[in-house]
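Engineer: Pasting a predicted model and its sequence here:
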Protein chains: 2
Amino acid sequence: MSEELRHSDAEELQAHLAEVQELLARHRLVEGLVHRQEMPRHELVEDLVHKQHLQQLHARLDKMHPADIAYVLEALPPQERLIVWDLVRAERDGEILLEVSDAVRESLIETMAPAELKAAAESLDADELADLAPDLPQAVIEDVFRSLPAEEREQLRAAMSYPEDSVGSIMDFDLVTVREDVTLEVVLRYLRRFDELPDHTDQLFVVDREAQLKGVLPLNVLLVNDPETEVGAVMLTDCVELQPDDFAEEAAKAFERYDLVSAPVVDPERRLIGRVTVDAVVDLIREEAENEQLAQAGLREEEDIFAPVIDSVKNRWAWLAINLITAFVASRVIGAFEGSIEKLVALAALMPIVAGIGGNSGNQTITMIVRAIAMGQVQPDALNRLLRKELGVAMINGLLWGGLLGVVSWWLYDSVSLGLVMTSAMTLNLLLAATAGVAIPILRLRLGGDPAIGGSVMITALTDSGGFLIFLGLATLFLI
Amino acid sequence: MSEELRHSDAEELQAHLAEVQELLARHRLVEGLVHRQEMPRHELVEDLVHKQHLQQLHARLDKMHPADIAYVLEALPPQERLIVWDLVRAERDGEILLEVSDAVRESLIETMAPAELKAAAESLDADELADLAPDLPQAVIEDVFRSLPAEEREQLRAAMSYPEDSVGSIMDFDLVTVREDVTLEVVLRYLRRFDELPDHTDQLFVVDREAQLKGVLPLNVLLVNDPETEVGAVMLTDCVELQPDDFAEEAAKAFERYDLVSAPVVDPERRLIGRVTVDAVVDLIREEAENEQLAQAGLREEEDIFAPVIDSVKNRWAWLAINLITAFVASRVIGAFEGSIEKLVALAALMPIVAGIGGNSGNQTITMIVRAIAMGQVQPDALNRLLRKELGVAMINGLLWGGLLGVVSWWLYDSVSLGLVMTSAMTLNLLLAATAGVAIPILRLRLGGDPAIGGSVMITALTDSGGFLIFLGLATLFLI
């Protein structure tokens, strides 16, 4: 399939998109004329022109790779997206649905009839189908399920049973297996009976009669050795073996560490049940990075930028609510010191600086620790060592920046003691930020949670309220 | 090489690390006894025990994969890291240096003599050497350079000449090329003359006498076709071709889109000069994601968590300085309204809420837009459409959350007009955040910059100062 389809580099891809948009614009122009009654529908000549643009578009799309069509669909606003989607040949619907983002996928599936969805689903392998299944209507899934051959049905059942972050969820079933006791010559002849090998076949899996994995035969080994050699003599027995319940992220790390292209997945009895390939790993790594970015800004999921306003509000409200609550708490801390502020209004102007630097510095610490944990650099017993170091950094920054701002405050408000309070408050808030920045992720780790989640909100909440409390408290004690 | 070495899954890796730490602890115990004079150095028996631990450690390390040794080195504090490093067999130094993070690499290289470094460098391929070169002393590089065979010297020169984010910087030179006019049988016989094929050989490159790329012959095609067929008849001519000056990130996207394992790199005359493999792409994607995370917290580079405090201060100071400046500006905005705050001190308590929600909401918008731009969903002319949508979201959030906080302020301070000012200020600041969240990345894109850099700082600075200005300004106009 992919042989007939053009692969495009970034520029060509942009050119494709521009071309599609151009054709759509011409189409829209004619549509617009018809709509505004400036041209009666029955004017056949124009009608032909109109059709011609769509036909050109159709021809263009037919030659494009599914991934490129997905790219074009993503870039188009809803109405035009649907025009293009209708023009894509039905047998490619499944592949394209796999490539688009979740948000766009939903918008496309909404417009499809059950029969179309069924046809699209049936064009996919069991592992691909499992990825698509959560977005399909229940009735369609059941229908597809019934129409599958027994083996694929079993595979689909298996693939759908694994949780989203497990190896099982990214594994596929396209395997070529060989026996240990045949010669490479036999293997070569066996392979010639295939029309094509599964994508990403960099190794064959050596199994016995019970489907137990005995080793792997990399194509590179197959190709450089004497055809008279037996598989068992040259196969590798120490390969990475994954289990379907392993975390997908761990598998990804193994792929990175050992530069793998594929790895077998075995059950607890070491029976081969599938494999993971590097393309799934690449997608996983990219997705995780993106989810982290989204999570950091409090976006619950990817947003289709053309989606209605109300969808965006729903996607974003939870984060804003959490932040409003923490801001409200900080506001009440200030409220408790209104008497002091009334007497010395300079406090109101200086307090956001104390809170702000604590938040920034705490976020630096937590990012560094979370990353070090993810890379395996931090053992749970490293708390003391890390804390000592971060407190050192905080102390230096506090004296440095706090000292600078203390001098500035002194100069602005002509009060040495206000300057001293400023310096002390900034230093103390930096120490608080450092402590929290180390403690929050390490405690998460010890309690068995994901150290990356929500740390930034917690630390900002703490350094905001804490910063106001420290600064206004010190000021009340020493200045008022 | 990799055949003899154990591949480990995550648990085994942790076990390795624990074992190394255990052996180091025993070693340290004996060292400690000697040091504290509780045991004289010449007590030979103990000395042997001492050596024995190191020997065990040595044996353990010898069996580990370079990537796993790198992992262990990362996890150890400096002193113990150096003990392990000294025990690693010299001929593996080069490979391991490639695997560790920049910060740890520096700490290891510092301890090595020029001769050791030269030996380590010489064990590497030209493309690997190019990666390592920036960290090596100039004298060592020159020495290595002189000792290389002419072809490799040329490759090294080429590899080092490409900028860090280009395809040239991630390409390697391990190619197997074949001619168009030979049969597959000849190719198969040719491959058998290799001891092993280069890693990630999923396809052979078909070139003519001038080294011009004619097509690629995937191993899968080689294996399923009749050996009598000619290469030219089955090779693929439409493959992704990269140029060394292309952005590495664009190449990575092509690998993702088309699920590639390797891709040829050609010069403008279409002469084959190297290839990019998926393992380099995986590393690139992971690195970029990490750099983005670091950049978001204002960490300039990866930190070795065991590095001295002063290194951390240096790594983090710039960001803190920038944030202090923006906080100072915001503080001066508040300073301008000190008169109003003195009269109505509630303003001091409420103003951080207005500033905070603007920052959060603006960051959501900017994250979403930057992501959409990166995915190619945003054309530069989409400004109006996006702006309208984001303003809609901001308006709803403003009326919703602003309304809520308005009621709360009214209730807290028993003033309807204060509540109304609160609601209006929050809505206006959200509209400001939405405008900036769309405008900043889109303007960056139009001006040809990277829309991802620094947007978050800019928007937070804007919504902080803007929020204070709007809230205190409205309050001064209507309440004072």
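Structural biologist: Done, it's in. Because the structure is predicted, anything quoted here is derived from the model rather than measured. Numbering: from 1, shown residues only, chains lettered A, B, ... in the order given.
Engineer: Three-state assignment for the residue nearest to the spatial centre of chain A, please.
Structural biologist: By C-alpha atoms, centre = their mean, the mean C-alpha position of chain A lies nearest to A:Glu287, the distance being 2.1 Å. Assigned by DSSP: H, G, I helix; E, B strand; the rest coil, the conformation of A:Glu287 is helix.
Engineer: That one and A:Ala252: what is the separation?
Structural biologist: Relative to A:Ala252, A:Glu287 is positioned 10 Å away (C-beta to C-beta, to the nearest Å). The C-beta positions use only the backbone N, C-alpha and C, and glycine is treated the same way.
Engineer: again with A:Ile357
Structural biologist: The gap separating A:Ile357 from A:Ala252 is 36 Å, by C-beta to C-beta.
Engineer: what's the answer for A:Leu219, then?
Structural biologist: Between A:Leu219 and A:Ala252 the computed distance is 23 Å (C-beta to C-beta).
Engineer: for stretch A:384-396, what is the average pLDDT?
Structural biologist: Mean pLDDT, computed over stretch A:384-396, is 91.
Engineer: So is that stretch next to chain B?
Structural biologist: Yes. Interface with chain B: stretch A:384-396 contributes A:Arg385, A:Leu386, A:Lys389, A:Gly392, A:Val393, A:Ile396 (C-beta under 8 Å from any C-beta of the partner chain).
Engineer: A:His200: what's it in contact with?
Structural biologist: Shown in contact with A:His200 (C-beta atoms under 8 Å, 6 or more residues apart in numbering or on different chains): A:Val261, A:Ser262, A:Thr277, A:Val278, A:Asp279, B:Asp202, B:Asp259, B:Val261.
Engineer: Identify the spatial nearest neighbour of it, chain neighbours not counted.
Structural biologist: In this structure, A:His200 finds its nearest non-sequential neighbour in A:Thr277, 3.9 Å apart by C-beta to C-beta, 6 or more residues apart in numbering or on different chains.
Engineer: before we move on, what about A:Pro268?
Structural biologist: A:Gln243 (7.2 Å).
Engineer: Run a quick neighbour tally on that neighbour.
Structural biologist: A count of nearby residues for A:Gln243, using other C-beta atoms under 10 Å in any protein chain shown, gives 17.
Engineer: Quick check: pLDDT value at it.
Structural biologist: For A:Gln243, pLDDT reads 94.
Engineer: Next: A:Val207.
Structural biologist: So, for A:Val207, pLDDT stands at 96.
Engineer: so it sits right up against A:Gly215, yeah?
Structural biologist: No. Between A:Val207 and A:Gly215 there is no contact under C-beta atoms under 8 Å: 9.1 Å.
Engineer: Would you verify that A:Ser417 is located in a helix?
Structural biologist: Yes. Counting by three-state DSSP, one finds A:Ser417 located in a helix.
Engineer: Low-confidence ranges, chain A, go.
Structural biologist: Residue ranges of chain A with pLDDT under 70: A:1-6, A:29-50, A:380-381.
Engineer: pretty sure A:Leu87 contacts A:Ala59?
Structural biologist: No. A:Leu87 is beyond contact range of A:Ala59, at 9.5 Å (criterion: C-beta under 8 Å).
Engineer: Between these two, point out the one with more neighbours.
Structural biologist: Using other C-beta under 10 Å as the criterion, A:Leu87 and A:Ala59 rank with A:Leu87 on top: 18 against 10.
Engineer: domains in chain A, as residue ranges please.
Structural biologist: Using automatic domain parsing, the domain parsing of chain A gives A:10-165, A:177-278, A:309-478.
Engineer: any idea which of those domains is most buried?
Structural biologist: Ranked by mean neighbour count, these are led by domain A:309-478 with a mean of 21 (mean count of other C-beta atoms under 10 Å in any protein chain shown).
Engineer: roughly how far apart are A:Leu320 and B:Asn363?
Structural biologist: 11 Å.
Engineer: How about A:Ile322?
Structural biologist: Applying C-beta to C-beta to A:Ile322 and B:Asn363 gives a distance of 13 Å.
Engineer: got any residues that touch both of those two?
Structural biologist: Joint contacts of A:Ile322 and B:Asn363 (C-beta under 8 Å, 6+ apart) are A:Gly298.
Engineer: For the stretch 151-300 of chain A, just list every one of the strands.
Structural biologist: Ranges of strands in the stretch 151-300 of chain A, per DSSP state E, counting those that start in this stretch, are A:177-178, A:203-207, A:213-218, A:262-266, A:272-277.
Engineer: Against which helices or strands is the last one packed?
Structural biologist: Helices and strands touching strand A:272-277, as assessed by 3 or more C-beta pairs under 8 Å, 6 or more residues apart in numbering or on different chains; DSSP states H and E, comprise helix A:167-170, strand A:203-207, strand A:262-266.
Engineer: Ok, the fourth one next?
Structural biologist: Helices and strands in packing contact with strand A:262-266 are listed as strand A:213-218, helix A:248-258, strand A:272-277; criterion 3+ C-beta pairs under 8 Å, 6+ apart.
Engineer: now do the second one
Structural biologist: Identification of packing neighbours for strand A:203-207 by 3+ C-beta pairs under 8 Å, 6+ apart yields strand A:177-178, strand A:213-218, helix A:219-224, strand A:272-277.
Engineer: That one: partners in the sheet, and parallel or antiparallel?
Structural biologist: strand A:177-178 (parallel), strand A:213-218 (antiparallel) (DSSP bridges).
Engineer: could you give the angle of the longest one to strand A:272-277?
Structural biologist: Yep, that's strand A:213-218 we're talking about. Here strand A:213-218 runs at an angle of 30 degrees relative to strand A:272-277 (axes from the mean of the first three to the mean of the last three C-alpha atoms, to 10 degrees).
Engineer: and the angle for strand A:213-218 with strand A:262-266?
Structural biologist: Using the same axes, to 10 degrees: strand A:213-218 against strand A:262-266 is 170 degrees.
Engineer: Run through who's touching strand A:213-218.
Structural biologist: A:178, A:180, A:187, A:202-208, A:231-232, A:234-237, A:239, A:241, A:264, A:266, A:270-272.
Engineer: How about the residues of the stretch 351-480 of chain A by chain B?
Structural biologist: A:351-353, A:355-357, A:360-361, A:363-364, A:366-369, A:371-372, A:375-379, A:382, A:385-386, A:389, A:392-393, A:396-397, A:400-401, A:404-405, A:408, A:412, A:464.
Engineer: Between the two ends of stretch A:404-421, how far is it?
Structural biologist: End-to-end distance for stretch A:404-421: 12 Å, by C-alpha to C-alpha, to the nearest Å.
Engineer: same thing with stretch A:270-284?
Structural biologist: Terminal-residue distance, stretch A:270-284 (C-alpha to C-alpha): 25 Å.
Engineer: Select, out of the helices and strands packed on strand A:203-207, the one closest to A:Ala159.
Structural biologist: Across the helices and strands packed on strand A:203-207, A:Ala159 has its closest neighbour in strand A:272-277 (8.3 Å, C-beta to C-beta).
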